[in-house]
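In: sequence and predicted structure below; questions after.
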Amino acid sequence: MKLEAGRIRAQKEEGAGEWNELQAERASLEKQLAGLKQEKEQAAEEMEAAVKLETELAAEGQNVQETLKEQAQLEESASKTLTEAQMEEANIRQKAEFARENISRVTAELEKSNLQVQELAAEVETAKKDAQQKKGEIAQIQKQLLALGEETLYLEQKLQEKLAQNKEMAEEQKGFFSKREEISGQMHSLDKELLRLNGQKEKLEESKERHVDYMWEEYELTYHAAQGLYNSAYNDLNELKKMASQLKDEIRGLGDVNVNAIEEYKEVSERYQFLKGQHDDLIEAEAALVDIIEELDAGMRKQFTQKFAEIKQEFDKAFKELFGGGKGTLELVEDEDILECGIRIIAQPPGKKLQNMVLLSGGEKSLTAISLLFAIQNLKPSPFCLLDEIEAALDDSNVGRFARYLHKLTRDTQFIVITHRRGTMASADRLYGITMQEKGVSTLVSVDLIEGDLEK
């Protein structure tokens, strides 16, 4: 409440200061208004003087006009004077215009000053109303101060009562202190007992850890595993010690422990896994190869059967052409695999019965073999072929047929034939021979039978 009273006093002082400022501002505005009025009067006087001067100038101008009319003959000499008079008149008119503008400006300022005076008057009225309101607030605050004084007395009485109650509680608190000291002593005793029990607990835990370590080091058993092995039948400690001693003797009888067994097992296991992986890879590769072999085998059987039939057909054609008739055929040995069985060549020269090639004469055998060779050549002609005296066992008539057939094949294949037979050489396109006219000097001789030229 004291703070509220101080605040109210400060507001009152602030209101009084604002009132004084408003009074000072009002006096200043009244002073400015008096100055404006004086300027207005001065401007009116200047306006009146200007009007009077304008009237005088107008009269003077009239006189000058009359003088000009009367003295027309002196116009040339008086023109200068007239020009100066006109310039002076213009200056006077300009001054009169300036005077009118000043009067207008002063009038506007007077109107503005009147508006400001009216606004100041309104503000003065507002300030008066605020001052009256502040006075009412001060009166109300004074009433509140009186009420606060009464409340202060009431609070002081309450304070005295509370002090008396505090005194009684302080006396009661002394009894509490004695009880607290007694309880603190009991708590101290309990803390000591708790420390003792904690020490026993730590010792028991250490003993438990030692026994657990002992079980692991001696028997490689954990605590939980030992619980699972517990048997209530073994309660006699002496009997258990005897059994443990007997088991230790049996363990010693097993011999030394191989400490590297685990590492060796790891190495052997890794080796086994590596070899097993290789074995599995080999099994898979074997299966893949078997599939490939079976596929190739089936393809070869099919291709061999097809090509054998074609060769058989071509062999019959070549045989008939080389022998001048007859029949030639090829057969597979029955009841055997076609890829591993033998081939039987059956030939029937003209005028003879069909028989095995083994029963033919030497020349017939040779010509039959040549027929088979040319049959294969006809089936798939090669660009180049070398023949080394394959017709040596033939008689002259068969050599002629051989040479004619060979010449027909030159459309697709180029042949080089090594021979001593006249019929073969006669059918050749070019002959090459080696002669030794001088001892130790070999000379190549070639004969182009098509062109008929001899080259050395």
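Out: Done, it's in.
In: mind listing the helices for the chain?
Out: For the chain, helices defined by DSSP state H occupy the ranges 2-70, 75-219, 223-228, 237-253, 261-323, 362-379, 396-409, 422-426.
In: go through the ones you listed and pick out the most buried.
Out: Ranked by mean neighbour count, these are led by helix 362-379 with a mean of 19 (mean count of other Cβ atoms under 10 Å). For glycine as for every other residue, the C-beta is placed from the backbone atoms N, C-alpha and C.
In: list the contacts of the residue positioned nearest the centre of the chain.
Out: When the chain is reduced to its mean C-alpha position, the closest residue under Cα atoms, centre = their mean turns out to be Gly277, at 38.8 Å. Listed by Cβ atoms under 8 Å, 6 or more residues apart in numbering, Gly277 has no contact partners.
In: where's it relative to Ile283, distance?
Out: Relative to Ile283, Gly277 is positioned 11 Å away (criterion: Cβ to Cβ, to the nearest Å).
In: and Glu364, by the same measure?
Out: Computed as Cβ to Cβ, the Glu364 to Ile283 distance reads 55 Å.
In: with Glu209 instead?
Out: From Glu209 over to Ile283 the distance is 54 Å, taken as Cβ to Cβ.
In: and Glu389, by the same measure?
Out: Shown here: Glu389 relative to Ile283, a distance of 54 Å by Cβ to Cβ.
In: same deal with Leu332?
Out: 36 Å.
In: tally of neighbours for Asp236?
Out: 10 (other Cβ atoms under 10 Å).
In: which residues sit against stretch 227-246?
Out: Here stretch 227-246 makes contact (Cβ under 8 Å, 6+ apart) with Leu221.
In: quick one: mean pLDDT for stretch 425-441?
Out: Summarised as a single mean, pLDDT over stretch 425-441 is 82.
In: tell me which residues in that stretch are buried?
Out: Of all the residues in stretch 425-441, those buried under the rule 16 or more other Cβ atoms under 10 Å are 427-428.
In: if we can go back for a sec, just send the helices of the chain back as CSV, with distance to Pro349 too.
Out: Putting these into CSV (distance: least, Cβ to Cβ, whole Å) gives the following:
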stretch, distance to Pro349
helix 2-70, 155
helix 75-219, 100
helix 223-228, 99
helix 237-253, 95
helix 261-323, 5
helix 362-379, 6
helix 396-409, 10
helix 422-426, 19
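In: break the protein into its domains for me.
Out: Under automatic domain parsing, the residue ranges defining each domain of the chain are 2-70+82-176, 298-380, 382-456.
In: Phe323 against Lys352, yeah?
Out: No. The pair Phe323 and Lys352 fails to qualify as a contact (Cβ atoms under 8 Å) at a distance of 9.9 Å.
In: show me what contacts Ala375?
Out: Shown here is Ala375, whose contacts under the criterion Cβ under 8 Å, 6+ apart are 311, 314-315, 317-319.
In: what about 7 Å?
Out: The contact partners of Ala375, by Cβ atoms under 7 Å, 6 or more residues apart in numbering, come to 311, 314-315, 318.
In: ok, Val417 next?
Out: By Cβ under 7 Å, 6+ apart, Val417 lies in contact with 387, 424, 428.
In: possible to save those as CSV with distance to Leu36?
Out: Written out in CSV, the entries for the contacts of Val417 read as follows (distance: Cβ to Cβ, whole Å):
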residue, distance to Leu36
Leu387, 151
Thr424, 158
Ala428, 154
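In: from those, which is closest to Glu264?
Out: Sorting the contacts of Val417 by how near they are to Glu264, with Cβ to Cβ, puts Leu387 at the top with 71.2 Å.
In: wait, that closest one sits on Arg421?
Out: No. Assessed by Cβ atoms under 7 Å, Leu387 is found out of contact with Arg421, at 11.4 Å.
In: compare the helices of the chain and give me the one nearest Thr443.
Out: Closest to Thr443 of the helices of the chain is helix 422-426 (Cβ to Cβ; 18.4 Å).
In: now that closest one, how far from the centre of its chain.
Out: Computed by Cα atoms, centre = their mean, to the nearest Å, the chain-centroid distance of helix 422-426 equals 86 Å.
In: give the other helices and strands that that helix contacts.
Out: Taking 3 or more Cβ pairs under 7 Å, 6 or more residues apart in numbering; DSSP states H and E as the contact definition, the neighbouring helices and strands of helix 422-426 are helix 396-409.
In: just the CA atoms of the helix it packs on, as CSV, please.
Out: Once non-C-alpha atoms are left out, helix 396-409 reads as follows in CSV (Å, rounded to 0.1, in the frame of the first residue of the first chain):
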residue,chain,number,x,y,z
ASP,A,396,46.9,-100.8,-118.0
SER,A,397,43.1,-100.8,-118.7
ASN,A,398,42.3,-100.0,-115.1
VAL,A,399,45.0,-97.3,-115.1
GLY,A,400,43.3,-95.6,-118.0
ARG,A,401,39.9,-95.7,-116.2
PHE,A,402,41.6,-94.4,-113.0
ALA,A,403,43.3,-91.5,-114.9
ARG,A,404,40.0,-90.5,-116.6
TYR,A,405,38.1,-90.6,-113.4
LEU,A,406,40.8,-88.6,-111.6
HIS,A,407,40.8,-86.0,-114.4
LYS,A,408,37.1,-85.6,-113.9
LEU,A,409,37.7,-84.8,-110.2
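In: and that helix, what does it pack against?
Out: Counting by 3+ Cβ pairs under 7 Å, 6+ apart, the packing neighbours recorded for helix 396-409 are helix 261-323, helix 362-379, helix 422-426.
In: now distance to Ile183 too, for those helices, in CSV please.
Out: As requested, the helices and strands packed on helix 396-409 are exported to CSV (distance: least, Cβ to Cβ, whole Å):
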stretch, distance to Ile183
helix 261-323, 63
helix 362-379, 125
helix 422-426, 143
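In: closest one to Gln186 among those?
Out: Comparing the helices and strands packed on helix 396-409 by Cβ to Cβ, helix 261-323 comes nearest, at 60.3 Å.
In: any idea of the mean pLDDT for the closest one?
Out: Averaged across helix 261-323, pLDDT comes to 88.
In: same thing with stretch 446-456?
Out: Per-residue pLDDT values across stretch 446-456 average out to 59.
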